[in-house]
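**Q** need coordinates for the below:
(one chain, ligands or ions: 1)
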Amino acid sequence: MQYNIPITPIAQSKVHDLDFNNIPLGTTFTDHMFICDYEDGKWINPRIEPLRPVATHPAAMALHYGQAIFEGMKAYKDPNGDPMLFRPFENAKRLNESADRMGMPDFPEDLFVEGLKQLVALDAAWIPPQAGSALYLRPFMYADEAFIGMRAATSYKFIIMASPSGPYFSKHIRLWAENHYIRAAHGGTGEAKAAGNYAAAIRPTEIAKAKGYDQVLWLDAAEHKYIQEVGTMNIFFKIDGKFITPELDGSVLHGITRSSVIDLLRHFGYEVTERRITIDEIRDASINGTLEEAFGTGTAVGIAYIKEIGHGEDTIHVSEESPVAVRVNNTLNEIKIGKEDDPFNWMVKAERELV
Ligand code: COI
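**A** Next up, the predicted model:
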């Protein structure tokens, strides 16, 4: 479908105020946002405007009943200086899977990608050129109908904002395997990228941080035995030369970096199995010397090397040498900035072809 996306440009860009060498994730926002309204069963009025606060009624249903979902993705520049998106159609699809679980309307996938392309092309000067940095993109949808009561809202907003970001972790990280709090139970919302999943994780994450850990490693809700995922990422282990990662059983986010890493590892000739993994199995592999690597994968973090997992009284040690994870990380980064061939056709140019 062809969309008319009118653009109201900002009078004066703020990009010159940005210190590109110091941009922690989520602290700075670009000049513009893409915004679209859902009313009377239809998405209407897609547009790009200067980024500004959006008025919210105190009874907006997202604030009370949590109909709020989001995506995370990044834009890069290729060697010609063209802005490039990493697998945007996957994010469009996942947003709609989250919307479905949360009783929210589908957002047209072609409009999602068109809005992204136009926003990123317009704010391309904000894409940091430094290795490991990128323009983080945050598409999200929330219920803005003013109503008190328990049903699906009838009006929503879909917005994309953009935030330049530097590297997330610059060191190997420590995880806390959580034995009390849970992130997701079967039949819950674990595989949706729903704001509430993150809300419920905040307190356990603060507790883990107070103990000196970087993020929580979530275990299953019923037995606290099976590994699910980490605070802001999926997880992989290399045991005896082979890779394993928790299967997508409904409680695990369908990470786009996760699936890209599986593709790359297989492309490199490694065996990768998606299956149930117990925390005890990882502890035993560490003790008997077969646990070779552990790393997290996510849009914000990229690849995060794991050096230690605390679990009750145990500490599971992982080697700080992660040669395959480093290779995957480097290859992924080079594909994203167009310095290496893109064998899977992941990259999509953000062009401003006004339609
Ligand atoms: C991402 O990796 O893009 C996420 O959505 C995690 C976020 C909480 C930083």
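**Q** now the host helix or strand of Thr245: buried residues?
**A** Here Thr245, judged by DSSP states H and E, is contained in strand 242-246. Neighbour-count burial for strand 242-246, with 16 or more other CB atoms under 10 Å as criterion, is recorded at Phe243, Ile244, Thr245, Pro246. For glycine as for every other residue, the C-beta is placed from the backbone atoms N, C-alpha and C.
**Q** for the closest residue to the ligand within the chain, give me its contacts.
**A** Closest to the ligand within the chain is Gly72: 2.0 Å, counting by CB to the nearest ligand atom. Listed by CB atoms under 8 Å, 6 or more residues apart in numbering, the contact set of Gly72 reads Asn91, Tyr136, Leu137, Arg138, Lys193, Gly298, Thr299, Ala300.
**Q** try 7 Å this time
**A** By CB atoms under 7 Å, 6 or more residues apart in numbering, the contact set of Gly72 is Tyr136, Arg138, Thr299, Ala300.
**Q** which SS state does Thr257 fall under?
**A** At Thr257 the chain is in helix, as set by DSSP: H, G, I helix; E, B strand; the rest coil.
**Q** and it, how many neighbours?
**A** By other CB atoms under 10 Å, the residues close to Thr257 number 24.
**Q** over to His180?
**A** So His180, with other CB under 10 Å, has 8 neighbours.
**Q** what residues does this protein put near the ligand?
**A** Neighbours of the ligand within the chain, by CB under 6 Å from any ligand atom: Gly72, Tyr198, Thr232, Gly298, Thr299, Ala300.
**Q** in the protein, what spans have low per-residue confidence?
**A** 353-355 (pLDDT under 70).
**Q** that one - how does it break down into domains?
**A** As given by automatic domain parsing, the domain ranges for the chain are 15-167+344-349, 173-321.
**Q** including distance to Asn333, could those go into TSV?
**A** Conversion of these to TSV gives the following (distance: least, CB to CB, whole Å):
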stretch	distance to Asn333
domain 15-167+344-349	7
domain 173-321	7
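**Q** tell me which residues touch Leu248, please.
**A** Leu248 neighbours (CB under 7 Å, 6+ apart): Glu191, His254, Glu274.
**Q** wait, is it part of a strand?
**A** No: going by three-state DSSP, the assignment for Leu248 is coil, not a strand.
**Q** longest helix in this protein, please.
**A** For the chain, the helix with the greatest residue count under DSSP state H is helix 195-210.
**Q** who does the helix or strand following that one pair up with?
**A** Using DSSP H and E, the helix or strand that follows helix 195-210 in sequence is strand 215-219. Strand 215-219 pairs in its sheet with strand 173-177 (parallel), strand 227-230 (antiparallel), by DSSP bridges.
**Q** brilliant, that's me finished.
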